[in-house]
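**Q** predicted model and sequence follow; I will ask about them next.
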Amino acid sequence: MIVGSVPIVTSFSIKDKGNFENQLAPLSIDWWPMFRHDTNHIGISTSSAPDENDVLWLYQTGGFITSSPAVLDGKVYIGSGDNKLYCFDMMNGDILWDFTTGGYITASPAVANGKVYIGSQDTIFYCLDSEDGSQIWEFDTDFMIESSPTIKDGKVIFGSSGALYCLDADDGNQIWDYETKSIILSSPAVYAGKVYFGLNSGEFLCLDFADGDFNWKYTTSKSIESSPAVYDEMVYFGSNDEFFYCLDADDGDLIWNYNTSGKVQSSPAIAYGNVYIGSTDRGLYCFDADSGDLVWEKFIEKGVWSPPSLADDKVYFGAIPCCGDSTYLLCYNAHDGEYVWRYNTEGGIGMKSSPAIAAGNVFIGSANGKVIAFGKEDFIADTHGPYTGIKDEPIQFEGNAYGGGPEYKWYWDFGDGETSDEQNPIHTYSDAGNYFVTLIVTDIHNKEAIDETEAFIEEGINLPPITPVIEGPSNGKIGKEYTYCIPSAVDPNEDDIYVFWDWGDGTNSDWTGPYASGEKICDKHIWNEAGGYTIKAMLKDEDGAESDWGYLEVNIPISRAIHTSFFKWFLVRFPLLIRLVYFLV
């Protein structure tokens, strides 16, 4: 069995806010595969992020953009008001492919397992091949789709005008739906077996992830367009009633709220023990995530509809002009709100236009149809880690490089003294433990890119050998040697095997071996007395795990030679019976 890395799309868990900053030490790559980065929707990347407003590349689409980019494996995916979903090269902005739908694409795409998922205002939810944009399947909701999808455990969840849908991510078959009788603009968050989302009716709902059963609801006084973020048993969202809410994720009880004096259509971001949110009152707010105490606030000349995104101790967000003047992507220090940089996008950045941060760059779309990448061209290696595995089981590693080139040399250090010069090597660890893995990629100009990750190797479950089946004669003679075999002695972990024979007459073989798993094992025995005997055989692997006993019943009758001698003596003593014997014969 070959085991590999953990799934790219997964819930982002924060267990210790006090150490959260250390948990998120900047790394070279952290992909942003869906709206708000992950299924929790907390909007935080472990990637490094630009300190300046350098434009890496810019592309002008044929329509407005409210979609937020998804970034995965060196590709940027984003929808546009020209009815197209675009796929760009992350490093240079070249179009790799585009796909045309029958309506505006205002939702954000999600990417996982070689597929791209996106809803369109043509009422169709699409699944495309991430490599070439070819359509795999579609699902018609009969209503416009503006809710961005979330992918978790082979399921894709999104809202439409009147229902929340859960589909099989592979084939598009409906698993369940939940009728809302209200428009869903909010993108659902998935956390601890539950789904959270808001409605235009002002209700905020919690459903079971497995079957869509209702858990609880919380009602605000106006519509909810903000998408929720969930962590540490708390769920956060904004409402057009000008409040920002924090509820208990388990039962929906209110923990705290804050009146911003403006519509809160922005979606929250959570990191460093804080939660960040924008408001149409022109404010960007930073609260203590537990208590709701205001840590800092900044007011700008624009309304903040855009969800903020966090990385590298910085917060990035967009603003929409109120009077036709300029609009900006802004960057502040996440801890104290100090200004870092801004860029005039010349087009509004709306409530779904969340910046995506990956591989040291920031990607954003704006209402004037531009897709903009900020950062500097770099040469980046990607280990696609972390990896998980079991000792003595092979692991498939995968390496990639972006920028540099066009040809690469690969060098893997697996952290156990072994190395490889293959791009995608298979490696087996002989001991359990946590290993630091390094990938060094060198291009034709001898420029190096380095990425590090970890491999978490467990002991695994040592299963005992399979109960042996004994084959051989079930009847025999006193004093004669017989052979008995286990035709295939199998250990599920393919460990070497030892065997113990108990012949049922007070003698045994003791443990013999080792034998290879699957090998035929035989032994011989002689019974010196008549009787019924039970042969037993047990297998043991090299770690001491023992199988159950295997059994075979053997009958050793009184010797037929004794009976024959007696019969001859009887005939000599009684000759009149000879004629009868011949007759019987």
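**A** Received, thanks.
**Q** and Thr534, how many residues sit next to it?
**A** 13 (other Cβ atoms under 10 Å). All C-beta atoms are positioned from the backbone trio N, CA, C, and that covers glycine.
**Q** for the remainder of this discussion, apply numbering that starts at 23.
**A** Shifting the count to begin at 23 puts that one at Thr556.
**Q** contacts only, for it.
**A** 526, 573-576 (Cβ atoms under 8 Å, 6 or more residues apart in numbering).
**Q** change it to 10 Å
**A** Neighbour list for Thr556: 524-527, 571, 573-576 [criterion: Cβ atoms under 10 Å, 6 or more residues apart in numbering].
**Q** what's opposite Val576 in the beta bridge?
**A** Tyr555 (DSSP bridges).
**Q** ok, it to Thr489 distance?
**A** Per Cβ to Cβ, to the nearest Å, Val576 is found 19 Å from Thr489.
**Q** neighbours of Glu74, just the number please.
**A** Neighbours around Glu74, by other Cβ under 10 Å: 11.
**Q** tell me both backbone torsions, phi and psi, for it.
**A** Glu74 adopts backbone torsions of phi -130, psi 170, taken as degrees, to the nearest 10.
**Q** what segments of the stretch 473-607 of the chain are strands?
**A** Using DSSP state E, counting those that start in this stretch, the strands found in the stretch 473-607 of the chain span residues 503-511, 519-524, 530-537, 541-548, 553-563, 572-578.
**Q** specify the beta-bridge partners of Cys353.
**A** Beta-bridge partners, per DSSP bridges, of Cys353: Tyr338, Trp363.
**Q** list the residues that contact it.
**A** With Cβ under 10 Å, 6+ apart, Cys353 has these contacts: 71-75, 336-339, 361-365, 377, 384, 396.
**Q** Pro210 too?
**A** So Pro210 contacts 57, 61, 63, 169-172, 174, 179-181, 186-188, 216-220, 227, 229, 231, 249-250 (Cβ under 10 Å, 6+ apart).
**Q** distance check, it against Ile492.
**A** In terms of Cβ to Cβ, Pro210 sits 58 Å off from Ile492.
**Q** beta partners for Asn456?
**A** Residues in beta-bridge contact with Asn456 (DSSP bridges): Phe478.
**Q** ok, Ile379 next?
**A** Here Ile379, judged by DSSP bridges, has bridge partners Val384.
**Q** I'd say it and Trp54 touch.
**A** Yes. Checked against Cβ atoms under 10 Å, the pair Ile379 and Trp54 is within contact range at 6.1 Å.
**Q** what is in contact with these two at once?
**A** With Cβ under 10 Å, 6+ apart as the test, Ile379 and Trp54 both reach 65, 67, 69, 91, 93, 331, 333, 385.
**Q** only the buried members of these: can you turn that into a ChimeraX selection?
**A** Per 16 or more other Cβ atoms under 10 Å, the buried members of the shared contacts of Ile379 and Trp54 correspond to this ChimeraX selection:
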select :65,67,69,91,93,331,333,385
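**Q** and the shared contacts of Ile379 and Trp54, which is closest to Glu474?
**A** In terms of Cβ to Cβ, no member of the shared contacts of Ile379 and Trp54 lies closer to Glu474 than Ser69, at 13.6 Å.
**Q** and the closest residue in space to Asp524 that isn't next to it in sequence, how far is that from Asp513?
**A** Leaving out its chain neighbours, the residue that sits closest to Asp524 by Cβ to Cβ, 6 or more residues apart in numbering is Lys558, at 4.1 Å. Separation of Lys558 from Asp513 (Cβ to Cβ): 19 Å.
**Q** who's more crowded, these two?
**A** Between Lys558 and Asp513, counting by other Cβ under 10 Å, Asp513 is the more crowded of the two (24 against 17).
**Q** surely the more buried one and Ile519 touch.
**A** Yes. Using Cβ under 10 Å, Asp513 is in contact with Ile519, at 5.4 Å.
**Q** average pLDDT for stretch 470-483?
**A** If you average the pLDDT over stretch 470-483, you get 90.
**Q** what residues sit buried inside that stretch?
**A** Going by 16+ other Cβ under 10 Å, stretch 470-483 has these buried residues: 471, 473-475, 477, 479.
**Q** farthest-separated two in the residues you listed?
**A** Ala471 and Ile479 (25.6 Å).
**Q** for Trp278, helix, strand, or coil?
**A** Here Trp278 is strand, with the state taken from DSSP: H, G, I helix; E, B strand; the rest coil.
**Q** who does it form a beta bridge with?
**A** Cys268.
**Q** number of nearby residues for it?
**A** 17.
**Q** do Arg364 as well
**A** Neighbours of Arg364 (other Cβ under 10 Å): 16.
**Q** what stretches of the stretch 473-607 of the chain score poorly on pLDDT?
**A** 581-607 (pLDDT under 70).
**Q** what do you get for the stretch 73-222 of the chain?
**A** In the stretch 73-222 of the chain, no residues with pLDDT under 70.
**Q** which stretches in this protein count as helices?
**A** 42-45, 582-595, 600-606 (DSSP state H).
**Q** which one of Val576 and Thr489 is surrounded by more residues?
**A** Val576 (22 against 14).
**Q** what sits against the more buried one?
**A** 492, 494-498, 504, 506, 525-527, 547, 549, 553-557.
**Q** of the residues you listed, grab the buried ones for ChimeraX.
**A** The ChimeraX selection below is limited to those of the contacts of Val576 classed as buried (16+ other Cβ under 10 Å):
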select :492,494,498,504,506,525,526,527,547,549,555,557
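**Q** so for Ile379 and Trp54, which sits in the more crowded spot?
**A** Ile379 (32 against 28).
**Q** so Pro487 is in contact with Ser539, correct?
**A** Yes. Judged on Cβ under 10 Å, Pro487 makes contact with Ser539 at a distance of 7.8 Å.
**Q** what's the overlap in contacts for those two?
**A** 511-515, 517, 519, 561, 563.
**Q** closest one to Asp404 out of the residues you listed, please.
**A** Asn515 (32.5 Å).
**Q** ok, that closest one touching Ile488?
**A** No. The pair Asn515 and Ile488 fails to qualify as a contact (Cβ under 10 Å) at a distance of 11.1 Å.
**Q** need the overlap of contacts for the two.
**A** Ser539.
**Q** so where's the stretch 223-372 of the chain uncertain?
**A** For the stretch 223-372 of the chain, the ranges with pLDDT under 70 are 343-348, 372.
**Q** please redo it, this time with the cut-off set to 80
**A** Counting by pLDDT under 80, the stretch 223-372 of the chain contains low-confidence residues at 323-325, 341-348, 369-370, 372.
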